[in-house]
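*Asks:* the following block contains a protein sequence and its predicted model.
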Amino acid sequence: MLNFLFAHWYFYKYTELKNHSEMLKSKLVIDNLTGLYNRRAFNLELEKIDVPD
């Protein structure tokens, strides 16, 4: 029973941390005032499509 409770607690904390991480990632690339993507998002997209010579 103790193992089950520990596993449940661990899974809860893991999902909570994952949700907070996703929220912070979205706040890094979306402007709070306008709700549009900011310069950081633009630069990340440029890095993704950057083709080496």
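*Replies:* Yep, that arrived. Since we're looking at a predicted model, the values are computed, not measured.
*Asks:* buried ones in the helix or strand where Leu46 lies, by neighbour count?
*Replies:* Using DSSP states H and E, Leu46 maps to helix 39-49. Buried residues in helix 39-49, counting neighbours by 16 or more other C-beta atoms under 10 Å, are absent. Backbone N, C-alpha and C define where each C-beta goes, glycine included.
*Asks:* quick one: it to chain centroid distance?
*Replies:* A distance of 16 Å separates the centroid of the chain from that of helix 39-49, by C-alpha atoms, centre = their mean, to the nearest Å.
*Asks:* and that helix, what does it pack onto?
*Replies:* Helices and strands touching helix 39-49, by 3 or more C-beta pairs under 8 Å, 6 or more residues apart in numbering; DSSP states H and E, are helix 2-29.
*Asks:* angle of the helix it packs on against helix 39-49?
*Replies:* Taking axes from the mean of the first three to the mean of the last three C-alpha atoms, to 10 degrees, helix 2-29 and helix 39-49 form an angle of 100 degrees between their directions.
*Asks:* now helix 2-29, how far from the centre of its chain.
*Replies:* Put simply, helix 2-29 sits 12 Å off its chain's centre (C-alpha atoms, centre = their mean).
*Asks:* go on, stretch 1-17?
*Replies:* Centroid separation for stretch 1-17 versus its chain: 21 Å, with C-alpha atoms, centre = their mean.
*Asks:* alpha carbons of the lowest-mean-pLDDT helix or strand in the chain, as PDB, please.
*Replies:* Within the chain, no helix or strand scores below helix 39-49, which has a mean of 91 by mean pLDDT, DSSP states H and E. What follows is helix 39-49, C-alpha atoms only, in PDB (Å, rounded to 0.1, in the frame of the first residue of the first chain):
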ATOM      1  CA  ARG A  39      11.300  38.100 -30.800                       C
ATOM      2  CA  ARG A  40      12.500  34.900 -29.000                       C
ATOM      3  CA  ALA A  41       9.900  32.800 -30.800                       C
ATOM      4  CA  PHE A  42      10.900  34.400 -34.100                       C
ATOM      5  CA  ASN A  43      14.600  33.600 -33.500                       C
ATOM      6  CA  LEU A  44      13.800  30.000 -32.500                       C
ATOM      7  CA  GLU A  45      11.900  29.500 -35.700                       C
ATOM      8  CA  LEU A  46      14.700  31.000 -37.700                       C
ATOM      9  CA  GLU A  47      17.200  28.500 -36.100                       C
ATOM     10  CA  LYS A  48      14.900  25.600 -37.000                       C
ATOM     11  CA  ILE A  49      14.800  26.600 -40.700                       C
END
